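Student: Need a 3D model of the sequence below.
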Amino acid sequence: MTIEYTTKGTCSRKIIAEVDNGIVGDVRFIGGCNGNTQGISRLVKGMRVEDVIARLENVDCGGRGTSCPDQLAKALKKAL
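Tutor: Just a heads-up that it's a prediction; the model follows:
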């Protein structure tokens, strides 16, 4: 399944993620800090959706109340 999620409160504008049988595949961030979003994408590939949500939910970036990792958690949570 392909998830397309429009982010809120971050430099990235959109997240596109592949999920198959509860496992995260490729994740792409549109916009955002290129190195950080590439790192997040590589770290979560192959992880269970629930584990990604548990690790990344509520990560804050600069007092914004959210972050690119948090937005990925929200995208995956919405897809469940």
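
Student: and the residue nearest the centre of the chain, what helix or strand is that in?
Tutor: The geometric centre of the chain, computed from its C-alpha atoms, lies nearest to residue 72 (Cα atoms, centre = their mean), at 2.0 Å. Element membership for residue 72 (DSSP states H and E) is helix 68-79.

Student: Neighbours of the closest residue to residue 58 other than its chain neighbours, how many?
Tutor: Residue nearest to residue 58 in three dimensions, not counting chain neighbours: residue 70, with 6.1 Å by Cβ to Cβ, 6 or more residues apart in numbering. Heads up, the C-betas are built off the backbone N, CA and C, glycines and all. Residue 70 has 21 neighbouring residues, counting by other Cβ atoms under 10 Å.

Student: same question, residue 37
Tutor: Look at residue 37: counted by other Cβ under 10 Å, it has 22 neighbours.

Student: So it: helix, strand or coil?
Tutor: Three-state assignment for residue 37 (DSSP: H, G, I helix; E, B strand; the rest coil): helix.

Student: now the farthest one out in the chain, which residue is it?
Tutor: Outermost residue of the chain (Cα atoms, centre = their mean): residue 63, 18.3 Å.
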